[in-house]
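Engineer: Here is my input; please provide its structure:
(chains A, B and C)
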Amino acid sequence: MEAKYDFEKKFREQVLKCSRCGFCQAVCPVYGATLRPALNARGKMLLLKEVMDGTIELNDELIETLFQCTTCASCFENCPSGVEVPEIIKQVRKDMVNIGTCHPAFKGMNEVLEKHTNIYAEDEPEDFERERNKKAECVFFIGCVGAYREDESTLATLDLLDRLKVDYTLIDEVCCSGVLEDVGYEINTRLAETNIERILATGAKTVITGCPYCSRTFNEKAPYAPLKEKGVTVMHISQFLKGFDFGVRTDKRVTYHDPCDLGRHCGIYDAPRNTIRKIASDFVEMPDNRENALCCGAGGGVRGAYAKNSIAMARRRLEQAEAVGADVVLTECNSCVHNLSNAKLRKQKFKIYNTSEFINELMEENE
Amino acid sequence: MKNLTDGLIDMVSFSYDASEHSHRPEAAVWPKTAEEVSRIMSLANRKPVPVIPRGAGTGLSGMAVPVAGGIVLDLSRMNQIVRISIEDRLAVVQPGVVYADLEKALGPYGFFFPPDPASGKVSTLGGNVATNAGGLKGAKYGTTKDYVLRLEVVLPDGRIMKTGAKTMKSVSGYDMTRLFVGSEGTLGVVTEITLKINPKPLCTSTALATFDNLRDAGQAINQIMHSGIIPSALEILGRETLAAINQNTDLNLPEVDAMLLAETDGYTPEETEYQIQKILEVFEANAPKEVKKAETKEEVEELWAARKSAYAVLARIKTHFVLEDVTVPMTQITALLEGIRNISHQHDIQIATFGHAGDGNLHPQILYDGYDTDQVARMEKASADLFELAIELGGTLTGEHGIGLSKAPYMTLEHDPVAMDMMRRLKSMFDPHNILNPGKWPWRGNHGSQIRF
Amino acid sequence: MEMHGYNMPEDLYYEENHFWVKEEGDLLVMGMDDFAQTMAGEIVYVQLPDDGKKLKLGKKFAKIESGKWLGKVFAPVNGELATVNEELETNPGLINDDCYGKGWMYKIKPDDKGEMENLIHGEEAIEKWLVADIEKYAEE
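Structural biologist: Okay, the predicted model is just below:
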C-alpha cells in the first residue's frame, strides 16, 4: 500500500513500534492536566496507526489531540520502544496543514507572521531604552515572548548585561518563526533573512538569545545556516553567563525548572544549575527534574491553542515548587516564566524569574 | 471537565490496551463516585449494554479491550488516597490512584505497598486489584491478592457491596475479597480498596552470576530455595535476551546460557549481607562463569542495567511482540527455558526470555512483524505450544498478566471441567445479563472461538 | 442597556480601555465591559495583585490575557487595591459569562471619589465613545 502522508513515509516503523505500554501516560503533561488517555502519546500513536491502516481518516476530529502536544519529549525520554513522538507530531501537523486540516490558532499564527514581525501581531515593540542596530561584539536577541509578554524580565536581563559590561546591541528583530515548524508550517524565510541581515550588519560574532527556542532555531534550522557560515555563534543566555562571577548570594530557597527546549531538547542541565549554585546557598530540586522535568505546558503552540489546559499544566509544575518549599523558582525561558506566572495562585508566595533577572535583582540590592 | 464522550479520538484510545487486541467501544464515561458508578451499572443492566471497567489500560492480555462494544468506565479520575493509617497498617484508596502515587504518599512514613508491577508508574491500583498484579518482589512479598483487606464493589445490578474487613485478620464468611481480586472486571466494579501496607526495608544487597550451562543456573535456583534465604528479587535472563541486549546497547554482557541477579533486603547491612553471602555461596558452588557483588550504589545500578533494559531492548527489535508470563514451580524453570528454546526453533520465530526465577514466573517475549501473516501464524502456534508446555510442567498459563482475551482459548488446558463449570456459574450469578466486560474468558461459547492470540 | 450590539449599562462609569467602575459603599468596583470581553474572547488569565497595592491614576497595575491577546489594566483613580475577585484565579471565564456580575475584578479604595467624574459616564457620552471604538477596531 502506497503511503499517503509524509509522516507515514518517514515514521511508519516508529509509529508501529509503539507497544502501547502506556508508560508515556505517567509523564505526559497534557494527560496529567486532563486525565484523558486520547491526549497522551499512546493515544496519538494509536490514531496514526489507524490512519496508516486506513480505518480512520486524518481529519478535523483529530485536531484536538494532534495539535495538543507541547512537544516536551517526556514521552520519548521514557518510551521503552524509543518512539520519537515530538518529531512524528511535527510531521503529521504538516501533513494536516497540507490537506487543509489545522487548528485555527495555528493557521492564524502563520497568517500573522506573513504580515507582522511577531507572533502577537503587536505593532509597537517596547524600546527597552537602548540603542539598536549598533556595532557590537554581541547581539542580544530577545524573542517574541520576552519582547511582548515578559518585557520586565527582559529589561532586567539587559541591565545585567550592562552591569557585566558586555558589549552588546539589540537589533530590530523579527520573530525567528521557529514555532511555525512545530505547528504544521515552515520557517518564514523572509523573517529569517531579515534577522540574518540585521545580525550580520552589527558585525557581532556572538548572538545571545533570551529564548532557548530561538537559539535552537538559529542553530538547527536550515534557513539560519548563513549565520554559522559567517562565523557567528549562537547561544542561549544561560550558556553565555556560565563563566561569570556575580559576587552576590541569596539565602532564599531556590529551585530550578528545566525548560524543555534547553533540557530534553539540547541536553543542557548543568550550566543553569552551576550558575544558580554560585548565587544561592539553599538550592533544592523539584521531584521531577532534569530529563524528567515536568513541562510547564506552554510549548508546541499549546499555550496559544489550548490556554486553559496549558495553565492547568503549569499549575501541576508549581505544586512541585510549593512542595519543596521554594521561595524562588528560577528558569531559563520566557515562555516558561510567562505560563508559570499566569498559573501561580495568590496563596503561593514564591516568585518566578528567569535566572538572569534574579541575579540582576540581587546585584541591584547589593549596590 | 466533561465526564462523557463518544468522540473518535477517545473511542480509538479506549479500543486498546498493551496487548495486540482492539475493538471500538460506543462511549466512555469518567465517574467520580461509587454512586455514579452504581447509576451507570443499573442503567446498563436494564438495557442491557456492555460495561468495561478500565484503569490505565496497561494490561497485556486484552482485559480492558471492549471486544463487544459498549461503555468504557474509565476509573482513573477516582484518584483520591482516602486514608493512610500507619497504626492500623493500611491504606484506603480509590481505584484510579496510580501505584507510584501511593508509593510517594507512603514514603514519608517509611512504608510501602510491595507488589510492584513494571508498569507501576502508570498502572492504577484498581487495575492492579482487577488483574491481581505481581512484580519483581513476588518471591518474597507475594502479589496484590496478599494485601487486599477490603473492597467496595458495585455489582452489575447497581447494588454496592463491601467485602472483607479492615482488620489484619478475618475469617468471617466466604472470602469474597479474594474472589474479586484478579476477576478482571467480569464480576463487579471496585470503587474503593483497603490495602495492607508494609514497613519498607532500609537496605539491600545485590549480586549477579552468569552460567555457561543452563542446568547449572537451574541448580543454583534450587539451592537458593534450600539455603533458607528468600531473596527480595531473583531474576533470570536467557541467552537470547543477553544477545539482544548486546546487539542494541553497549553493556557488553557475556553471552551465556543464563544470568541470575539476586537482591536481598532487610533493615541492617549485616542482615542483607548475611543473606547475599548465602546466595553467593550457592552461585560459586554451581560452576558460574562469573560472579559479581555490588559494593557501591553505582555498582548496584550496573548489575541491574541488563535486567532493566531487557523489555525496552526487546520492544525495539520488531514492530510487534507478545509478552507472555507463564509460571512453573521453581524446579521446572530450566525445563521451561529449554522448552521455550525448542518452540522458538520449531516455529522459526524469535523468543527472548527473562523473568522472575524466584517465583517461577518467566516472560518469554515473542518478536514478530504483525503485518506479515505468516509470522503472525507462527507466533500464534508458538504461543499455543508455550501454554501447553507450561501446563505439562505443572504450571499455570499466567502468573501476573491475566487471562483476558489472549489466554481465554487455553483456560481449559489448566482448569478441569468441574472448575470451569463452577466459574461459569459464579459469573452468571453475579452478572446474569453478562454486561460486565463480556467476551472475556471462555464464557458463553467464547471457548474455542478463534480469538487472535 | 443594549447599545450597538453590546450590553453597556448606562449607570456605570467607564475607563477608556473598556473597564467599568461603580460605587459600592466606600469602595469602587471595577470590571471589564461587554465590548472588551467580546473583543478579547475567552479570558484565560487575570493578574490579581496583592491587596493594598498603591494605584496611580492612569498607571498600569495588572494584566489580563485571552489566548493570544494581552490587555493592560490602568488605574481609573488614585487609591489602593482593597480586594480582588479570587474566583477569577481558577475561573477567569467568569468575565465572559457575567462581566458586570460574578466576573467583577477589583475593588479599589479611592483617595478621592470625585475623580470618578473624569471617567466616561452618561448615556450620550458612553454611546459616542463606544461608536468611535467600534469603528476603530473594525478598521484593524
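Engineer: Going by C-alpha atoms from here, please, whenever you check contacts or count neighbours.
Structural biologist: Fine.
Engineer: For stretch B:271-285, which residues meet the burial criterion?
Structural biologist: Of the residues in stretch B:271-285, those buried under the neighbour-count criterion (16 or more other Cα atoms under 10 Å in any protein chain shown) are B:Thr272, B:Glu273, B:Gln275, B:Ile276, B:Ile279, B:Leu280, B:Val282, B:Phe283.
Engineer: average pLDDT for it?
Structural biologist: Stretch B:271-285 shows a mean pLDDT of 98 in the predicted model.
Engineer: which ones are touching the closest residue to chain C within the stretch 101-250 of chain A?
Structural biologist: Nearest residue of the stretch 101-250 of chain A to chain C: A:Tyr120, at 6.4 Å (Cα to the nearest Cα). By Cα atoms under 8 Å, 6 or more residues apart in numbering or on different chains, the contact list for A:Tyr120 reads A:Val112, A:Cys144, A:Tyr148, C:Lys68, C:Trp69.
Engineer: what does C:Met30 give?
Structural biologist: Each residue near C:Met30 by Cα under 8 Å, 6+ apart is listed here: C:Phe19, C:Trp20, C:Val21, C:Lys22, C:Trp104, C:Met105, C:Tyr106, C:Lys107, C:Ile108.
Engineer: Is it in a helix, a strand, or coil?
Structural biologist: Of the three states, C:Met30 takes strand under DSSP: H, G, I helix; E, B strand; the rest coil.
Engineer: Report the beta-bridge partner residues of it.
Structural biologist: Following DSSP bridges, C:Met30 is listed with bridge partners C:Val21, C:Tyr106.
Engineer: Can you verify A:Val329 is assigned to a strand?
Structural biologist: Yes - if the criterion is three-state DSSP, then A:Val329 is within a strand.
Engineer: How many residues are close by it?
Structural biologist: Residues contacting A:Val329 under the criterion other Cα atoms under 10 Å in any protein chain shown number 23.
Engineer: how near is it to B:Ile160?
Structural biologist: Applying Cα to Cα, to the nearest Å, the value for A:Val329 to B:Ile160 is 47 Å.
Engineer: what sits against the residue most central in space within chain C?
Structural biologist: The central residue of chain C, meaning the one whose C-alpha is nearest the mean C-alpha position (Cα atoms, centre = their mean), is C:Phe19 at 2.1 Å. Under the criterion of Cα under 8 Å, 6+ apart, the neighbours of C:Phe19 are C:Met30, C:Gly31, C:Met32, C:Asp33, C:Ala36.
Engineer: now the contacts of C:Met30 in JSON lines, with distance to A:Gly297 and pLDDT?
Structural biologist: Below are the contacts of C:Met30 laid out as JSON lines (distance: Cα to Cα, whole Å; pLDDT from 0 to 100):
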{"residue": "C:Phe19", "distance to A:Gly297": "30", "pLDDT": "97"}
{"residue": "C:Trp20", "distance to A:Gly297": "33", "pLDDT": "97"}
{"residue": "C:Val21", "distance to A:Gly297": "35", "pLDDT": "97"}
{"residue": "C:Lys22", "distance to A:Gly297": "37", "pLDDT": "96"}
{"residue": "C:Trp104", "distance to A:Gly297": "28", "pLDDT": "98"}
{"residue": "C:Met105", "distance to A:Gly297": "26", "pLDDT": "98"}
{"residue": "C:Tyr106", "distance to A:Gly297": "28", "pLDDT": "98"}
{"residue": "C:Lys107", "distance to A:Gly297": "32", "pLDDT": "97"}
{"residue": "C:Ile108", "distance to A:Gly297": "33", "pLDDT": "97"}
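Engineer: Quick check: of the residues you listed, which lies closest to A:Cys336?
Structural biologist: Using Cα to Cα, C:Met105 comes nearest to A:Cys336 of the contacts of C:Met30, at 25.4 Å.
Engineer: Verify the contact between the closest one and C:Leu28 for me.
Structural biologist: No - with contact defined as Cα atoms under 8 Å, C:Met105 does not count as touching C:Leu28 (10.8 Å).
Engineer: Could you name every residue contacting both of the two?
Structural biologist: Common neighbours of C:Met105 and C:Leu28 (Cα under 8 Å, 6+ apart) do not exist.
Engineer: Around the residue in chain C that chain B sits nearest to, count how many other residues there are.
Structural biologist: Distances from chain C to chain B, computed as Cα to the nearest Cα, single out C:Asn91 as the nearest residue at 12.8 Å. C:Asn91 has 15 neighbouring residues, counting by other Cα under 10 Å.
Engineer: Pull up the per-residue confidence for it.
Structural biologist: For C:Asn91, the predicted pLDDT is 94.
Engineer: ok, so what distance separates it from C:Ile64?
Structural biologist: With the distance defined as Cα to Cα, C:Asn91 ends up 13 Å from C:Ile64.
Engineer: Make sure I have this right: A:Gln320 is in a helix.
Structural biologist: Yes - residue assignment for A:Gln320, taken from three-state DSSP, places it within a helix.
Engineer: Mind pulling up the pLDDT for it?
Structural biologist: Looking at A:Gln320, its pLDDT is 97.
Engineer: Next, count neighbours for the residue lying closest to it once chain neighbours are set aside.
Structural biologist: Once its chain neighbours are removed from consideration, A:Gln320 has its nearest residue in A:Met286; the separation is 5.9 Å (Cα to Cα, 6 or more residues apart in numbering or on different chains). By the measure other Cα under 10 Å, the count of residues near A:Met286 is 23.
Engineer: So A:Met286 lies in a strand, does it not?
Structural biologist: No - secondary structure of A:Met286 (three-state DSSP): coil, not part of a strand.
Engineer: Pretty sure it sits against A:Glu322.
Structural biologist: No - counting by Cα under 8 Å, A:Met286 does not reach A:Glu322; the two are 9.1 Å apart.
Engineer: between the contacts of A:Tyr120, which is nearest C:Ile43?
Structural biologist: Ranking those by separation from C:Ile43, with Cα to Cα as the measure, puts C:Trp69 on top at 9.0 Å.
Engineer: State the distance from the closest one to chain A.
Structural biologist: 7 Å (Cα to the nearest Cα, to the nearest Å).
Engineer: Give the full set of residues in contact with that residue.
Structural biologist: C:Trp69 makes contact with A:Tyr120, C:Ala40 under the criterion Cα under 8 Å, 6+ apart.
Engineer: how close does it sit to A:Val337?
Structural biologist: Counting by Cα to Cα, the gap between C:Trp69 and A:Val337 amounts to 17 Å.
Engineer: and if you look at A:Arg315?
Structural biologist: Looking at A:Arg315 against A:Val337, where the rule is Cα to Cα, the gap reads 12 Å.
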